[in-house]
Structures are given as C-alpha cells and as structure tokens.
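J.: fold the following.
(2 chains)
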Protein chains: 2
Amino acid sequence: MTVVCTRLPQEMRPYLLRAGEGERYVFGRQVASVMASSQSTGGVFEMVVLSGGKGEEFPLHRHAKSYESVIVLEGKLEFLLNGTYHLLTAGDYVHIPPGTPHAYRMAGHRTKLASYTVPGSISAMYSILGTPYAPVEHPAKPVGAITAEQLEQASAAADIEFLAGPVLWGASSVVEGGVNPGAAAPYVLESGEGDRLLTADQLHSILASQKNTDGEYIFVSSIGPKGDPIVEHYHEHHTETFFCTKGEMTMWANGEEIRLQPGDFLHVPAGTLHSYRLNADYTQVVGLLVSGLFEPFFRTLGDPYEDHIFPSEPGPLRMDRVLSIIHELDLKVVAKSPLDRK
Amino acid sequence: MTVVCTRLPQEMRPYLLRAGEGERYVFGRQVASVMASSQSTGGVFEMVVLSGGKGEEFPLHRHAKSYESVIVLEGKLEFLLNGTYHLLTAGDYVHIPPGTPHAYRMAGHRTKLASYTVPGSISAMYSILGTPYAPVEHPAKPVGAITAEQLEQASAAADIEFLAGPVLWGASSVVEGGVNPGAAAPYVLESGEGDRLLTADQLHSILASQKNTDGEYIFVSSIGPKGDPIVEHYHEHHTETFFCTKGEMTMWANGEEIRLQPGDFLHVPAGTLHSYRLNADYTQVVGLLVSGLFEPFFRTLGDPYEDHIFPSEPGPLRMDRVLSIIHELDLKVVAKSPLDRK
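T.: From the prediction side, this is the model:
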C-alpha cells in the first residue's frame, strides 16, 4: 500500500496528503481541511488546516481534555487566548492547554492556520459545523453560517464546549518575542522564537516541550538549507508528523521517496522507516511528535543556539552523543542514509 | 541562448533567475540580491530582494527621479513613508514616488521584501554599501556595517540621497485596507487590496496604475487556481516581469518551457514571445510592467471585482473585448496556447 494518498485515510497508517487533499468542510467563508483525523492516526492526534477570508471568526470555546497547538501559515490572525488578544502573522505559534478559553478572527484577506489537537477527539466537529466542499480555496461569498443547533451538536460529539460572553475584536497586539514557560500554561511565540537547538546545519525550535504538554507531545519547527539526508530510522513508541511550510524536501517513508512542498503533510506512526533531506536553500518543516518522549533526542544531538537563522558555516553533528545513550532514546537507526539502500 | 540563467546577465535579454541566484551583497545581517539591474534590463527598471534579521534597518533616504514599488514577501517590516510609520506583513505593498523620504526596519526574525525601481539607476549602490556574499540566506551574525563614507559614495553613484533626522521606530501601525489614489502620491495597500479585475478564473490587483506612476509603469498582483495556458503573445513596446510568490506556474519564453516557484523571476523584454499557466491550487505572481501602456488591456479583459479571492466558478474570459480593440493595445497574439505549437 503506497504512502501517497489523495484522500484522508479512514484507518491508521503512514500516509502523505498533499496541500488541498484533506477532507474539506465549508462554513461562511472558511474552509476546514482535515489532514489527520482520529481515524487516520489511531486516536493519537488530529491536524486541520483552516483558511478563510478577512473577518471570519470561530466562536469562543474550550476543550476539556485536549491540548491544541496552532501555527499561522499565512495572513493575519486575531487570537483571543485566555482573555488576552494577540495579532498573529505567519509562523507565530499559540499553545492552548485543556480548559483555556480561546477564539479567533481572521484579519488578513486570505488567512490560513494549522491546528493540531491531542488526543484525537475534536476534528469530528467540522462535519457538523460545515458542509462537504469540493473547491480547495475558501469561497469568495459565504456558504452557510454556523447555527446554535450545530454548536450544540458539535459539543455533544467532540471535546469542545462553546462559551457565552463578549469577544471584543480589534484590540489585538502584534505578537513579539515570547518564551515557552516551564508549565502547561497558555502562551504565544513569535515566528522564529522557541527553545532553539542547532544540529549541524539545521535549526530546531521547540515550540512546545513536554513541560508545556504534561508529556503528551512536543511541537518542533525545523529550518535548514539544502543538505544531505539524515539517517534512516524508525521509532517503536511515538508518532511523528512532517508538515512542510516553506521550500522543498525529499522524504523517504517505508522505502518510498516523496517530495514535500508547502502544505504537504506526512503521517509517520511508530514503526515507519523514515528519513528526510532538505532540497531548497531555506526549508521549514513543522511537526507534532506524540507522545513527547523524543524530546531528549533533540537536546542530546542539538547545541543551544541564540540566533534565529542557521549559521552560514554548519556546526558539528554530534551523533556520537546520540549513539552513547541510544538505548534511552526511542530511536532505531537502520541505515546511514536512505540513499545507501538503493 | 537559453532563457534560464544561474547568474544575473550583464546585458539586456530575456532571462530567468531562480530564487537565490541574484547578485548578492551583505551589510550587517541583511542581504541584497539583485535580480534585475540596469545592465540586465537596458536601464528600464531594477529589482532587488532584500532579506535580513530582526532589527536590521535601511537609513532614511529619497530618490530624486526614481519610482520605487515594494512588496513584502515574508516576516514583518516597519516602513517609514513620508513621515508615517506602517507595519507591513507578507503581501503588503508600498508605493514611493520620486522625492518621498522613506526608511525601513525589519521587525520579524526573517524578513524579506522585493524592491522594484524605475528607471534603473539605483541598484548599483548595493555593491558600494555591501560586500559580495556567497550564501543565499542572511548571516546569523552581522557582516560589516554601512559607513558614512559608503553612504556618500552610494549617493554619488546612484539616484539616492540619504537624509538626516531622527527615525523613531516602534510607532508603526499594522497596514489595514488602502486604496490607490488618483495621483503619483505615496501610499500603502494591505495584501489583497488594490484595484481588482477578474479575468475568468484569475484575479488581478492593480497595485500601481499609470496615474500612480505618471505613466512610467504599472504594478500588478495576480492570483488564480490551477488552470490552462493563456494565449502565446509578445509586446512590441513594453517589458514585463513575472515574480512567482506562491504556488507554482509554468512559463514559456521564446519557446522554452520553464517552471516557476516562489522566488523565481522571469524578465520578459519587448519582443519576447511568452505565455503562462498556473499549476497549483493557489498561485500568486507579481509583476512590474514598464512603461505603463498595457493598463488598458487589464481593464478591457477584466471585470471589476469586489471580493478578494477568485470565485469558485470562473467568470467569462472576454477575449472578444480585447480583440475588438487589439490595434490599440501593445499585444501581438501568436498562438491560442503554447501547447498548440508543440
């Protein structure tokens, strides 16, 4: 069974969905494109891309048990997080622990965000709030609107509780800086911020660490120049995800070679042999890794890094440090490079 | 002579430069990548991509005779335009007529903009202000800094006058809305704004019209879904430029088929046979057309359009209207499609 799909799988498996191939629902001038559902990930996590026109909102709500990680892909997004209004732009990150009231309004003419939720118990609501939709881009004119009855049905079917109370849009401040706190608190990070680690020519920003998720997952943004493939490996216990947001990369998954461009999403559950190579001068890939147990790998291989772009001259790749504690990491190295296996 | 180059040509000709292949100079943590120079365009216009780290500035200055059009590609850019501070994000546009004092500061960790100048009498300054630079991305640590002597040399060699006076960064407001005025005045437009015209499935926004440039040029942003090639044609009197900013497109130039991705730039001087097709669900291309004489083509083929994304169902393509006045337009149609010529 090939990894490359054209529709969201209805069972748990490794898969690639290209930009625009998620399961799509429309409400107003917004489209929710489900790229990973409870079914496709075995209930481990979900990922939805939301895009829409200026002024489109999502009502105030909270999740009882789910964590949510949001990364802005394009445009401008007003985000109400636990009573504070933030204006986010491309690359900015929002961390939303269970119980945190939040809402958003799209503030750019074409605004796009990716929402990851852990565990997978929310995305079913989009088929209740919206109607199936064939076009990839959001409509120029509204298609339907969310009714009170739909909100009620959604909260019965998914981990979401809609909240009353005024939302006063227009008071948002541009997101500037930010640091991950040492706890599962709500926070925002400006694009390029986060806990930064350099591994040779690649810069990894931990946007959510185990401390921020009670160990449920970590969320990492990686950037780098054109380079060589990393070691081919698999994990016994955790799921990885690769969502390309800039540039281009080649991935290998269970022996298949795949080219990822912005908006393409690869699901790599435990047991999937995989590797990647960055093909463009500046490539960015973001990923949720669930559970969070792989965080020590990044901290072992990586060196703390204060700048915000990879250096012109790469640092050393400290695989020696990884190999010395590999029995403590959920990492099985199979080949030095997937190219060695050809 | 193939259209595809790997270095900026030193003589006037049609050419394609891919992202990162411009002539690069570094100053501080900024890189200027000259994609079109006075030499490569016959003095008609210039185009430079500037990218850099947060906090990098360009000092207050004005151009005596040159128009400048700036479009933000990534990050956040504080822009001082004629005494007003604007905070621009990806897709926002700045129009700078001769004599207008202006300066910028990069406000996102990786900020990128494209600057077009007409006529071609400014870009020579980058070889004076910066030093030649091999890497594609801006450096993590500053490389040199602009000296007072360099500013003096630059203003002797290029149409630029550096101005004294305080610049008080930090007071910028996010760009919201905006309309092209009916005159050659400075202005800013939010991404997605501009004078909008629909041609079948493509939405063209005129960001600068002849009225804004004294007829010198027009600046157009076009978006559309995956589609068919437009007619193959050439122009006798004006130069076109195609800078892909999102998605992917195929272009034909003098019979060569070329794939353009974000950051790739095609120079199409008068006499160059050309056509294009959009390949991705959402593709954006921006272009300066100089002189501005081709504006009536867009107004003839296009229908005024109030929304900000192309419609799910395309409108009619009114080539009949174009053909009825084709003798008034600088347009020679050669084939219905470049695919017909294979």
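J.: who's in contact with stretch A:139-159?
T.: Stretch A:139-159 is contacted from outside by A:26-29, A:31, A:53, A:59, A:63-66, A:121-125, A:128-131, A:133, A:160-162, B:307-312, using CB atoms under 8 Å, 6 or more residues apart in numbering or on different chains. Where you see a C-beta, it was placed from the backbone N, CA and C, and this is true even at glycine.
J.: what does chain A put close to chain B?
T.: Listed as neighbours of chain B in chain A under the rule CB under 8 Å from any CB of the partner chain: A:19-20, A:53-54, A:74-76, A:87, A:89-91, A:108-110, A:135-141, A:174, A:190-193, A:225, A:248, A:261, A:280-282, A:307-312.
J.: okay, buried residues for the lengthiest helix in chain A please.
T.: Ordering each helix of chain A by length in residues (DSSP state H) puts helix A:148-157 first. By neighbour count, with 16 or more other CB atoms under 10 Å in any protein chain shown as the criterion, the buried positions of helix A:148-157 are A:150-151, A:154.
J.: residues contacting A:Gly22?
T.: A:8, A:33-35, A:48-49, A:265.
J.: where along the stretch 51-200 of chain A do the strands fall?
T.: The residue ranges that make up the strands of the stretch 51-200 of chain A, judged by DSSP state E, counting those that start in this stretch, are A:57-62, A:67-74, A:76-81, A:84-89, A:93-96, A:102-106, A:111-118, A:131-132, A:161-162, A:173-174, A:187-189, A:195-199.
J.: where does A:Gly165 land on pLDDT?
T.: The predicted local confidence for A:Gly165 comes out at a pLDDT of 81.
J.: just to revisit the earlier point, any idea how far the longest helix of chain A is from the middle of the chain?
T.: Put simply, helix A:148-157 sits 25 Å off its chain's centre (CA atoms, centre = their mean, to the nearest Å).
J.: now the helices: where do they sit in chain A?
T.: Taking DSSP H as the criterion, chain A contains helices spanning A:38-41, A:126-129, A:148-157, A:210-213, A:295-301, A:319-324.
J.: want to throw those helices into CSV with mean pLDDT?
T.: As requested, these are exported to CSV (pLDDT from 0 to 100):
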stretch, mean pLDDT
helix A:38-41, 98
helix A:126-129, 98
helix A:148-157, 97
helix A:210-213, 98
helix A:295-301, 98
helix A:319-324, 96
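J.: what's the closest non-adjacent residue to A:Val34?
T.: Nearest in space to A:Val34, with sequence neighbours left out and distances taken as CB to CB, 6 or more residues apart in numbering or on different chains, is A:Glu23 at 4.4 Å.
J.: measure that neighbour to B:Val334 for me?
T.: Applying CB to CB, to the nearest Å, the value for A:Glu23 to B:Val334 is 44 Å.
J.: who's more crowded, those two?
T.: A direct count of neighbours by other CB atoms under 10 Å in any protein chain shown for A:Glu23 and B:Val334 places A:Glu23 higher, at 21 against 14.
J.: how many neighbours does A:Asp228 have?
T.: Neighbour count for A:Asp228, taken as other CB under 10 Å: 11.
J.: in contact with it, which residues?
T.: A:Asp228 makes contact with A:277, A:337, according to CB under 8 Å, 6+ apart.
J.: for A:Ile230, same thing?
T.: A:Ile230 makes contact with A:275-277, A:337 under the criterion CB under 8 Å, 6+ apart.
J.: are any of those buried, and if so which?
T.: Buried, going by 16+ other CB under 10 Å: A:275-277, out of these.
J.: closest one to chain B out of those residues, please.
T.: Nearest to chain B, judged by CB to the nearest CB, of these is A:Arg277 at 17.0 Å.
J.: excluding its backbone neighbours, what's nearest that closest one?
T.: Beyond its immediate neighbours in the sequence, the residue positioned closest to A:Arg277 (CB to CB, 6+ apart) is A:Pro229, lying 4.2 Å away.
J.: so how far is chain B from that neighbour?
T.: 20 Å (CB to the nearest CB, to the nearest Å).
J.: tell me the spacing between that residue and B:Tyr104.
T.: When CB to CB is the yardstick, A:Pro229 and B:Tyr104 sit 39 Å from each other.
J.: A:Leu168 now?
T.: For A:Leu168, the distance to B:Tyr104 equals 32 Å [CB to CB].
J.: these two: who's more crowded?
T.: Relative neighbour count places B:Tyr104 above the other of A:Leu168 and B:Tyr104, with 27 against 8, counting by other CB under 10 Å.
J.: quick one: that one and B:Leu81, what's the gap?
T.: In this view, B:Tyr104 and B:Leu81 are 9 Å apart by CB to CB.
J.: check A:Pro314 too.
T.: When CB to CB is the yardstick, A:Pro314 and B:Leu81 sit 39 Å from each other.
J.: A:Asp214 too?
T.: 48 Å.
J.: for the residue lying closest to A:Pro132 once chain neighbours are set aside, name its beta-bridge partners.
T.: On the basis of CB to CB, 6+ apart, the spatially nearest residue to A:Pro132 that is not a chain neighbour turns out to be A:Tyr25, at 6.2 Å. When bridges are assigned using DSSP bridges, the partners listed for A:Tyr25 are A:Ala32, A:Pro132.
J.: how far away is the residue of the stretch 151-300 of chain A found nearest chain B from B:Met1?
T.: Nearest residue of the stretch 151-300 of chain A to chain B: A:Gly192, at 2.9 Å (CB to the nearest CB). Taken as CB to CB, the spacing of A:Gly192 relative to B:Met1 amounts to 41 Å.
J.: the two: which is more packed in?
T.: Using other CB under 10 Å as the criterion, A:Gly192 and B:Met1 rank with A:Gly192 on top: 22 against 8.
J.: what's around A:Ala64, how many residues?
T.: Other residues near A:Ala64 come to 10 when the count uses other CB under 10 Å.
J.: how close does it sit to chain B?
T.: Using CB to the nearest CB, A:Ala64 is found at 34 Å from chain B.
J.: was I right to think that residue contacts A:Glu161?
T.: Yes. At 6.6 Å, A:Ala64 and A:Glu161 qualify as touching, with contact defined as CB atoms under 8 Å.
J.: do I have it right that A:Ala124 meets A:Ser38?
T.: Yes. Under the criterion of CB under 8 Å, A:Ala124 is in contact with A:Ser38, at a separation of 6.9 Å.
J.: tell me the buried residues in stretch A:7-15?
T.: Under the neighbour-count criterion of 16+ other CB under 10 Å, stretch A:7-15 has A:8-9, A:12-15 buried.
J.: out of these, which are inside strands?
T.: By the criterion of DSSP state E, membership of the buried residues of stretch A:7-15 in strands covers A:Tyr15.
J.: closest to chain B out of the buried residues of stretch A:7-15?
T.: Comparing the buried residues of stretch A:7-15 against chain B with CB to the nearest CB places A:Leu8 closest, at 16.6 Å.
J.: residue contacts, the closest residue to the closest one other than its chain neighbours?
T.: Distances taken as CB to CB, 6+ apart put A:Glu23 closest to A:Leu8, at 4.6 Å, once the chain neighbours are dropped. If you count contacts by CB under 8 Å, 6+ apart, A:Glu23 has them with A:7-8, A:33-34, A:37.
J.: ok, now with 10 Å
T.: A:7-8, A:10, A:17, A:32-35, A:37, A:39-40, A:48, A:123, A:126-127, A:132-133 (CB atoms under 10 Å, 6 or more residues apart in numbering or on different chains).
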